[in-house]
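Student: kindly generate the corresponding structure for this input.
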Amino acid sequence: LAFCRGRVVRVPKGPLIRVMGTEVVIPCTVTDYDGPSEQNFDWEFSQETDFVRIVSTWDSTFTSEEYQKRVSQGDIKLRRSSNNAVELVIRNIQPTDQGRYKCSTPSTDATVQGNYDAEVQVKVISDGLSVSGSKARSSMSLRLSEGDSFKLRCSAITTSPEHTHLHVTWQIKSGSNWRDILSLTHEGKLQPGHGYEERYRNGDIRLDTGANDTYRLSVSQALSVDGGAYKCLVSEWVRGADSSWQKIQEKSVEIASVAIQRTDVVISTSNVSVTERDSLDLTCNITTDRSGIFQAEVMWYFSASPDDTLSDAQVLLSMDHDSVVSDSTLISLSHIDRNSYRLLVRDVAVEDSGYYFCQAAVWVPLHNSSWHKVVERTSAPVSVVVTALEPDYEVFLNASKTPKFSDDPTELNCRITNVQDTEANIRFTVSWYYRQHLPSDDVVTEELLATMDADWTLVLGDRSRERTQNGEIIFFKKAVDTFSIRIQWTSESDRGDYFCVISAWSRHRNNSWVKRKDVTSASVRIFWATQDYALTVEAVKLKPFFVAGHTFEMTCKVSSKNIKTPRYSVLITAEKPITDQSNPNGTTRIISLNQDSVVRLEDWTDQTRVDGVVLEKVQENEFRYRMYQTQISDAGLYRCVVTAWSPGGGGMWREAVNGLSNPIQIDFQTSGPVFNVSVHSDNPTIYQGELADLLCIVTMEGMALEPDDMSFDVSWFAVRSFALDREPILLALLDRRGIVTQSRRNGSSDLSLERISPLEFRLRVHGCEDHDFGNHYCVVTPWVRSATGVWQQEPDIKAKPIFLSVKMDVLNAFKYPLLIGIGLATVIGLLSCLVGYCSSRWCCKKEVQETRRERRRLMSMEMD
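Tutor: A predicted model of the protein is given here:
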């Protein structure tokens with residue numbers, strides 16, 4: 001393929017048939033060439049003789065003498081279409097121009113390859129095409145009405161010696177441009193122009209052929225756009241040597257000038273404003289110049305927007321071309337004169353406001369006595385505004401019940417007065433609003449409490465929804481002209497301005513309700529003077545001196561101000577020393593008594609003294625607290641925390657204010673012994689499975705006590721970490737009565753806790769496991785019997801932890817696995833040998849039949 005590549009010069013395949021007097025264009029292109037992109041071309045002509053030079057793109061002296069005049073006048077010229085293509089243009093071709101035309105290109109290639117010229121035969125024939133209009137006159141004028149029909153004729157014939165086809169196109173002049181209407185192509189196909197496709201499919205535009213080579217354009221139901229000049233354009237086509245169609249000439253003739261009288265539909269009245277209950281009168285006028293028989297079909301529409309289409313609009317009334325009117329009660333349609341139709345709407349309402357327009361269609365009779373619709377128009381919409389008759393009334397708001405204290409009831413009445421010009425179908429509803437009162441001039445938006453719909457359905461606002469559902473706020477209608485609101489228990493948050501809005505609603509013809517008017521009342525302020533609540537609590541110690549084991553007693557006296565019928569709840573608290581580990585926060589809630597005199601133990605956890613604390617109400621404002629058999633651990637500051645309650649809504653109590661009494665101190669001055677605790681172990685590092693011994697040793701300093709006068713609660717704890725950064729775990733507890741309590745364990749190790757001497761306690765861990773490691777310590781609670789025989793609990797004492805390390809015995813850990821492994825390996829080996837022997841002996845044995853050989857002596861070599 002590379003060796004075959006070369007320059008290619010191409011001209012159209014001939015012969016080219018052209019009509020005398022027309023313009024001829026012969027293109028020439030060159031491809032697959034080397035050198036510059038822009039190529040030059042030479043054209044030559046021959047009539048069965050030598051070629052004569054015509055024109056060149058690069059040599060101005062190339063033209064022969066006989067062609068210099070035509071080239072200089074522009075009758076023959078070259079027109080470059082691209083760098084590698086030109087066109088030879090010959091205007092007003094003559095029979096003498098018939099012959100062979102050669103296009104050649106000077107070589108710019110490195111090697112000579114391909115063809116450098118090409119020839120085409122041009123044949124010139126005489127002009128045999130004639131186009132004419134109507135025989136009566138060349139051009140006529142038609143004046144028609146919109147919807148009429150008309151026909152135009154054009155005659156076209158050719159006497160060409162070649163086999164040619166005609167292409168006929170009807171055109172209309174729109175402005176300064178001609179537009180195609182309908183064409184009969186040279187291939188015998190009908191082709192509508194742009195914008196005429198739908199009318200062609202509907203049969204409103206047709207092109208028919210008749211006798212004597214006539215072409216008739218038929219237009220039915222003419223539109224206003226059909227007015228203008230009409231032209232018949234005919235072109236002659238011939239099939240070339242390459243089977244493609246080529247247009248060889250074109251002629252046209254103007255046939256007629258058509259004027260279309262437009263039919264308009266207008267409403268005589270522009271924008272209309274009527275009063276409610278009056279009548280609306282509109283007239284639809286049809287403008288047309290028709291003088292013959294015709295009937296009009298009228299249809300009235302209503303829409304809320306001027307931009308609505310007919311499908312979106314509402315049909316009010318219609319009259320067909322037989323003057324039959326559709327039925328309606330309040331709307332009538334009448335025929336005033338030949339071109340006018342009146343719409344009358346009686347007893348208009350506000351909902352009749354909107355846009356009205358009419359649609360009119362003109363019908364004409366046909367020869368078969370049927371009617372045909374020729375045109376249809378829709379008027380511009382007319383705006384109609386119906387002014388409502390507003391009822392006249394006033395609104396008065398007053399408070400029939402006003403609160404003087406919190407939780408008092410409030411009742412407001414909204415009354416309608418001076419009602420005038422109201423009709424029977426007027427209904428009143430109410431809306432309640434609240435506005436917070438501020439001492440400054442700040443603007444506060446009102447909040448909706450409730451509103452009533454036209455059907456008297458109550459819609460609650462966010463502010464009052466929950467309280468209304470709970471029955472705290474009631475909305476009701478006290479009389480025909482009075483709406484009321486009642487707040488059962490008014491709170492401080494209800495103080496502010498209240499006002500009501502009375503809405504008037506009117507019933508429409510479709511039984512719907514439309515709001516006509518809103519009237520707002522003057523606001524009523526709900527307010528009462530309040531003073532801050534005051535509460536004073538005084539604690540008194542009844543017995544100034546007492547010792548451990550005696551009863552502690554104190555009273556709390558309460559006085560309040562500005563609280564309506566208060567009740568009190570009392571809580572007794574104790575502030576223990578910081579050294580008390582039972583309550584690191586310092587404050588303990590002991591016992592409480594609520595406003596209904598119900599007693600409750602709070603954080604009192606001493607099970608041995610469940611009944612050791614008592615709180616009772618002595619008077620309405622006096623309370624007494626007793627603690628029996630006091631212990632040294634009860635030392636601290638005791639207070640009364642009092643809360644004042646006032647009656648709230650619905651029988652509920654509302655918290656008013658809190659008060660705290662002065663502290664009462666319990667302090668025991670003793671010179672008893674001082675206890676210390678330590679933990680000891682002879683062997684803190686052990687192996688798994690061994691026994692671990694931990695001793696908790698109590699030492700005593702100061703006054704010596706008999707063993708029967710002291711006892712101890714001992715608790716053992718473990719922290720499973722090296723740095724004491726985890727929560728301690730209770731292991732076991734030995735109380736002062738000798739009862740041992742163990743916590744639940746997950747491992748296989750076991751615990752034992754025993755007392756081995758009055759001041760020594762031993763914890764044993766049997767069969768230690770790896771999870772038994774960690775820091776171990778004991779907590780001792782001493783109990784000392786006083787001179788009166790009462791046992792007193794001393795503060796807890798915590799010993800310093802000791803770390804217990806559990807190691808693993810490697811030999812014992814691997815002894816049994818090794819013995820089991822050796823035993824299993826031996827058994828499996830012997831079993832394998834047995835299986836192999838049995839298989840070779842009985843299962844896989846094969847009988848071999850051998851041929852019996854005779855035993856002969858060897859022969860000597862000489863004999864062999």
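
Student: mean confidence score for the helix or strand where I591 lies?
Tutor: Element membership for I591 (DSSP states H and E) is strand 587-593. Averaging pLDDT along strand 587-593 gives 90.

Student: and that strand, which strands flank it?
Tutor: strand 567-575 (antiparallel), strand 599-601 (antiparallel) (DSSP bridges).

Student: winner for burial among these?
Tutor: Stretch with highest mean neighbour count among the strands paired with strand 587-593: strand 567-575 (a mean of 21; mean count of other CB atoms under 10 Å). Yep, even glycine has a C-beta here, placed from its N, CA and C like the rest.

Student: lowest-pLDDT helix or strand in the protein?
Tutor: Lowest by mean pLDDT, DSSP states H and E among the helices and strands of the chain is strand 264-267, with a mean of 66.

Student: give me the mean pLDDT for stretch 341-360.
Tutor: The model assigns stretch 341-360 a mean pLDDT of 86.

Student: do you know the pLDDT at P439?
Tutor: 67.

Student: tell me which residues in the strand holding I591 are buried?
Tutor: Neighbour-count burial for strand 587-593, counted by 16 or more other CB atoms under 10 Å, picks out T588, R589, I590, I591, S592, L593.

Student: chain center to that strand, what's the gap?
Tutor: Chain-centre distance of strand 587-593: 54 Å, with CA atoms, centre = their mean, to the nearest Å.

Student: what's whichever strand or helix holds W300 packed up against?
Tutor: Using DSSP H and E, W300 maps to strand 295-303. On a contact count with 3 or more CB pairs under 8 Å, 6 or more residues apart in numbering; DSSP states H and E, strand 295-303 meets strand 280-287, strand 314-319, strand 340-345, strand 354-365.

Student: tell me which of these lies nearest to V25.
Tutor: V25 lies closest, by CB to CB, to one member of the helices and strands packed on strand 295-303: strand 354-365, at 52.3 Å.

Student: returning to that earlier point: past the least confident helix or strand of the chain, which element shows up next along the chain?
Tutor: Following strand 264-267 toward the C-terminus (DSSP H and E): strand 272-275.

Student: list the strands paired with that following strand, with their directions.
Tutor: Within its sheet, and counting by DSSP bridges, strand 272-275 is paired with strand 382-387 (parallel).

Student: so S406 versus A211, what's the distance?
Tutor: For S406, the distance to A211 equals 111 Å [CB to CB, to the nearest Å].

Student: now V382
Tutor: Taken as CB to CB, the span from V382 to A211 is 55 Å.

Student: same check, this time on R744
Tutor: 122 Å.

Student: could you do E390 as well?
Tutor: 79 Å.

Student: those two: who's more crowded?
Tutor: E390 (13 against 5; other CB atoms under 10 Å).

Student: out of everything not next to it in sequence, what's closest to that one?
Tutor: Spatial nearest neighbour of E390, chain neighbours left out: K517 (4.9 Å); criterion: CB to CB, 6 or more residues apart in numbering.

Student: and the one you found, bridged to which residues?
Tutor: With DSSP bridges as the rule, K517 is bridged to A504.

Student: residues touching I125, list them.
Tutor: By CB atoms under 8 Å, 6 or more residues apart in numbering, the contact set of I125 is I17, R18, V19, M20, S160, P161, E162.

Student: one more: F527?
Tutor: H437, R495, G496.

Student: pLDDT score assigned to it?
Tutor: Note for F527: predicted pLDDT of 86.

Student: for it, grab phi and psi.
Tutor: phi -160, psi 140 (degrees, to the nearest 10).

Student: please tell me how far it sits from L759.
Tutor: In terms of CB to CB, F527 sits 75 Å off from L759.

Student: same check, this time on G14
Tutor: 139 Å.

Student: would you tell me which of the helices and strands packed on strand 295-303 gets closest to C500?
Tutor: Comparison of these against C500 by CB to CB identifies strand 354-365 as nearest, at 33.4 Å.

Student: can you pull out the low-pLDDT segments for the stretch 101-250 of the chain?
Tutor: 134-139 (pLDDT under 70).

Student: tell me where it has helices.
Tutor: Assigned by DSSP state H, counting those that start in this stretch, the helices in the stretch 101-250 of the chain fall at 197-201.

Student: and the stretch 651-800 of the chain, by the same measure?
Tutor: Using DSSP H, counting those that start in this stretch, helices in the stretch 651-800 of the chain do not occur.

Student: where are the low-confidence patches of it?
Tutor: Low-confidence segments of the stretch 651-800 of the chain (pLDDT under 70): 651, 668-672.

Student: please go through the chain and pick out the longest strand.
Tutor: strand 245-261 (DSSP state E).

Student: domains of the protein?
Tutor: If you go by the TED database, the domain ranges for the chain are 7-125, 129-261, 264-387, 392-526, 534-666, 674-807.

Student: how far away from the center of its chain is the third one?
Tutor: In terms of CA atoms, centre = their mean, the centre of domain 264-387 is set 46 Å apart from its chain centre.

Student: repeat that for the longest one.
Tutor: Once both centres are worked out by CA atoms, centre = their mean, domain 392-526 turns out to sit 38 Å from its chain's centre.

Student: again with the first one
Tutor: Distance of domain 7-125 from its chain centroid, counting by CA atoms, centre = their mean, is 71 Å.

Student: for S130, which non-adjacent residue is spatially closest?
Tutor: Per CB to CB, 6+ apart, closest to S130 is I157, 5.6 Å.

Student: and what of R277?
Tutor: Closest to R277 by CB to CB, 6+ apart is D347, at 5.8 Å.

Student: ok, now S104?
Tutor: The shortest distance from S104 to any non-neighbouring residue, by CB to CB, 6+ apart, is to D117 (3.6 Å).

Student: with I286 instead?
Tutor: N339 (4.4 Å).

Student: average pLDDT across the longest helix seen in the chain?
Tutor: Determined from DSSP state H, the single longest helix within the chain is helix 810-838. Here helix 810-838 scores 86 as its mean pLDDT.

Student: so how far is it from its chain's centroid?
Tutor: Put simply, helix 810-838 sits 73 Å off its chain's centre (CA atoms, centre = their mean).

Student: what packs against it?
Tutor: Helices and strands touching helix 810-838, as assessed by 3+ CB pairs under 8 Å, 6+ apart, are absent.

Student: so where is the stretch 401-550 of the chain shaky, pLDDT-wise?
Tutor: Using pLDDT under 70, the stretch 401-550 of the chain drops low at 421-424, 439-443, 545-548.

Student: same thing but at 90, please
Tutor: 402-409, 418-427, 435-446, 453-457, 462-472, 478-481, 488-496, 504-517, 526-535, 541-550 (pLDDT under 90).

Student: where do the helices sit along it?
Tutor: Under DSSP H, counting those that start in this stretch, the stretch 401-550 of the chain gives helices at 465-469.

Student: for it, what spans make up the strands?
Tutor: 410-420, 426-435, 447-452, 458-460, 473-479, 482-487, 496-507, 513-520, 524-526, 534-541 (DSSP state E, counting those that start in this stretch).

Student: now those strands as a markdown table including distance to I664 and mean neighbour count?
Tutor: Conversion of the strands of the stretch 401-550 of the chain to a markdown table gives the following (distance: least, CB to CB, whole Å; neighbours: other CB atoms under 10 Å):
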| stretch | distance to I664 | mean neighbour count |
| --- | --- | --- |
| strand 410-420 | 45 | 17 |
| strand 426-435 | 49 | 21 |
| strand 447-452 | 50 | 19 |
| strand 458-460 | 53 | 14 |
| strand 473-479 | 47 | 15 |
| strand 482-487 | 45 | 20 |
| strand 496-507 | 46 | 20 |
| strand 513-520 | 62 | 15 |
| strand 524-526 | 46 | 16 |
| strand 534-541 | 5 | 16 |
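
Student: those strands: which one's closest to A222?
Tutor: Here strand 513-520 is closest among the strands of the stretch 401-550 of the chain (CB to CB), at 48.2 Å.

Student: could you give the angle of that closest one to strand 410-420?
Tutor: 110 degrees (axes from the mean of the first three to the mean of the last three CA atoms, to 10 degrees).

Student: L449 contacts W432, correct?
Tutor: Yes: with contact defined as CB atoms under 8 Å, L449 reaches W432; the gap is 4.1 Å.
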